[in-house]
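Peer 1: Predicted model and sequence follow; I will ask about them next.
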Amino acid sequence: MTDMTLVRTSREEIEVYRFGPIVSVVVPLVALVIQAFVPARLHSFAFFDLPFLVTVFFGVTRRSQLSGMMTGAIIGLVQDALTHQAIGLYGVAKTVVGYGASSLGVKIDVENPGTRLLVTSGFYLVHQAVYFLVARNILGVALGWLWARTLLAALLNGLAAIVVFLVLDRFKRAT
Amino acid sequence: MENFFSRYRNASLLVLLLAAQVVGLGVQVKRKTEAGGTRLIRVWVGSGITPIEKSLVHTGHGFRDVWRNYFYLRGVRRENRDLKAEVERLRIEQVRLREDAAQAHRLQALLAFKEQFISQTVAAQVIGTSGSDQQHVVFIDKGSDAGVKPDMAVITPDGIVGKVLLVSHSWAQVLLINDSSSGVGAILESSRLQGILQGTAAGETMLKYVMSDEKVSTGERVLTSGGDRIFPKGLPIGAVQQTNPGSDLFLNIRVKPAADLSRLEEVLVITKITETNPKNLEASGPVRAADILAERLPSVPPKPPAGVAAAAAQSTAKPPSPAVPDAGATAAVATTSGTPPKTTQSQVSAVAPVTKPAGNTATSSTPAASTTAMKPAATKPVANKPPASGVNKQVNSAGQPAGPAAAPPGEDVSR
């Protein structure tokens, strides 16, 4: 899961980080528990998607496509198991996000809060689009694409990413 | 070829991973078993997450209880005063409802309706959700160990919440009524129009399949119709919030749920529904509205036999006459009206023969007797009539309540 190489771009070196095995397990688990627990008390918290934020964070910091998509797939499948719909909806969406985030992390530096906001908001839209397409076309679920709601959620998750990534930065170790 | 895969190794793995998941989704759709094929995974994940959630809930409740019970006592006196006032108000309301309940009970008996009683419930705490705003499910801390099974109804005192989907031994997953895959048989309280309550992707609840030429007013209450065979009939669902003509032949009726689905803490799972013919008031002796309500409440110890109850009631009112089997009616009047038994008994004794239809058995006449006794307007003209038989004379002179059995069978003494 850890990538020990330094990736060189044309302009600068982008540092690759790794995480301890405990952090790799506990952080997604905590994100899943919070995501399942808090909306029962604070309904509007369901706008946020902490497992998604963790997927993006691990993707852009590890900068390994393989670990990014595997992390996304596992987190997504576990999240699916908490719902009542077929298992694989979030799995597919987060696999794509994990792969995309790690691919993007190789190319650009995502340490800047502004970049994090944009990247996370963009990936949220990708996540929702994949979820929507799979749900409609494979499962035949009558979902409606709500632009205003989705854009608002994308912005909120982008803002949340700034805070969450700052907290998670403490756990990363430079290679 | 080998060069191609080594060059595009990660992309190939992505395609494989996605393909595996899509195939898995396809298999689940094909099998059409909502949780059958994936039940094990769901139970594993749920069993991993719910203990953490349970401990968080219980810790939170511990802190909250300590704070509320020992520190934050501001306004307790005022709240106590308000509650006392509400108790008084409810007492007055109860008196009014008693008569309605008795009347409904009699009508049900006459029409031989089957009554559905919620005879057993399990209280549970909501410990978590799916975490998604598109999937409206919650997890509760009671499972098969507490008698919870799939498709059981979940309610709160305010209204219905949803139905049980997946059950483990210590937790269960509940599908809320505002989920897009939920459906509840519903009926509008005053217009008696029936429809199906369905959730939407946005988490709203809509009453569907009510024809567009029907008149539905905003604020009208929506109840369960019992047609789904999950929720007992007559439970509150919510109130009509907005009505719009739909694109098809049906109205778009938005319903505001009576239970606050976004802030659920404690819920009741209906684990047993009993369907019985309504008890006959005469056969079971005096039945008070409070008794009827008590029957519907969970975990109430079984009532003593009807005969014992009747005897107890009679002993509190007056010694019963052996010739008057429905002395229970007297007790019922005495307990419900709150007036001294003697006054009421005299009304009953004067009215009872009149209220008994010819050829009626004692079973069907007692409710009428008790009702008439509670309506002084109906008793007056009859009370002025001379007694039609010696039995009546005897009863009146003794001051005992006269039941229908006092009249000879097959004879209508009111004529």
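Peer 2: Thanks, I have it.

Peer 1: Only C-alpha atoms from now on, for both contacts and neighbour counts.
Peer 2: Noted.

Peer 1: For burial, what's the neighbour tally of residue 44?
Peer 2: No chain specified, so I'll use chain A. A:Ser44 has 12 neighbours, counted by other CA atoms under 10 Å in any protein chain shown.

Peer 1: Correction: the question concerned chain B.
Peer 2: The number of residues packed near B:Trp44 is 13, by other CA under 10 Å.

Peer 1: check contacts around it.
Peer 2: Counting by CA atoms under 8 Å, 6 or more residues apart in numbering or on different chains, B:Trp44 makes contact with nothing.

Peer 1: which parts of the helix ranked longest in chain B are buried?
Peer 2: Longest helix in chain B, counting residues (DSSP state H): helix B:76-111. Buried residues in helix B:76-111, counting neighbours by 16 or more other CA atoms under 10 Å in any protein chain shown, are found at B:Gln94, B:Arg98, B:Glu99, B:Ala101, B:Ala102, B:His105, B:Arg106, B:Gln108, B:Ala109.

Peer 1: Chain A: which of these is nearest?
Peer 2: Ranked by distance to chain A (CA to the nearest CA), those are led by B:Gln94 at 34.4 Å.

Peer 1: okay, the closest one: pLDDT?
Peer 2: Note on B:Gln94: pLDDT of 91.

Peer 1: Look up how far B:Leu107 lies from it.
Peer 2: Using CA to CA, to the nearest Å, B:Gln94 is found at 20 Å from B:Leu107.

Peer 1: do the same with A:Arg136
Peer 2: 50 Å.

Peer 1: Could you say which helix or strand holds residue 53?
Peer 2: The chain I'm using is chain A. helix A:50-62 (DSSP states H and E).

Peer 1: please go with chain B instead
Peer 2: Assigned by DSSP H and E, B:Glu53 falls within helix B:39-66.

Peer 1: pLDDT below threshold where in chain B?
Peer 2: Low-confidence segments of chain B, defined by pLDDT under 70: B:1-2, B:32-36, B:112-116, B:276-415.

Peer 1: near chain A, which residues of it show up?
Peer 2: Counting by CA under 8 Å from any CA of the partner chain, chain B comes close to chain A at B:10, B:13-14, B:17-18, B:21-22, B:24-26, B:28-29, B:34-35, B:38, B:41-42, B:45-46, B:49, B:52-53, B:126-133, B:135, B:137-138, B:165, B:175, B:201, B:262-265.

Peer 1: Separate out the buried members of the residues you listed.
Peer 2: For the residues of chain B next to chain A, buried by 16+ other CA under 10 Å: B:10, B:13-14, B:17-18, B:21-22, B:25-26, B:28-29, B:35, B:41-42, B:45-46, B:49, B:53, B:126-133, B:135, B:137-138, B:165, B:175, B:201, B:264-265.

Peer 1: can you give me the strands for chain A?
Peer 2: Ranges of strands in chain A, per DSSP state E, are A:7-8, A:13-14, A:17-18, A:173-174.

Peer 1: how is chain B carved up into domains?
Peer 2: B:114-277, B:281-406 (automatic domain parsing).

Peer 1: hang on, B:Thr274 is in a strand, isn't it?
Peer 2: Yes - judged by DSSP: H, G, I helix; E, B strand; the rest coil, B:Thr274 forms part of a strand.

Peer 1: ok, the residue nearest to it when sequence neighbours are not counted - how many residues close by?
Peer 2: Counting by CA to CA, 6 or more residues apart in numbering or on different chains, B:Thr274 lies nearest to B:Phe117, which is 5.1 Å off, once chain neighbours are set aside. When neighbours are defined as other CA under 10 Å, B:Phe117 has 16 of them.

Peer 1: secondary structure element for B:Phe117?
Peer 2: Assessed by DSSP H and E, B:Phe117 sits inside strand B:115-129.

Peer 1: who touches A:Val130 in this structure?
Peer 2: Shown in contact with A:Val130 (CA under 8 Å, 6+ apart): A:Val92, A:Ala93.
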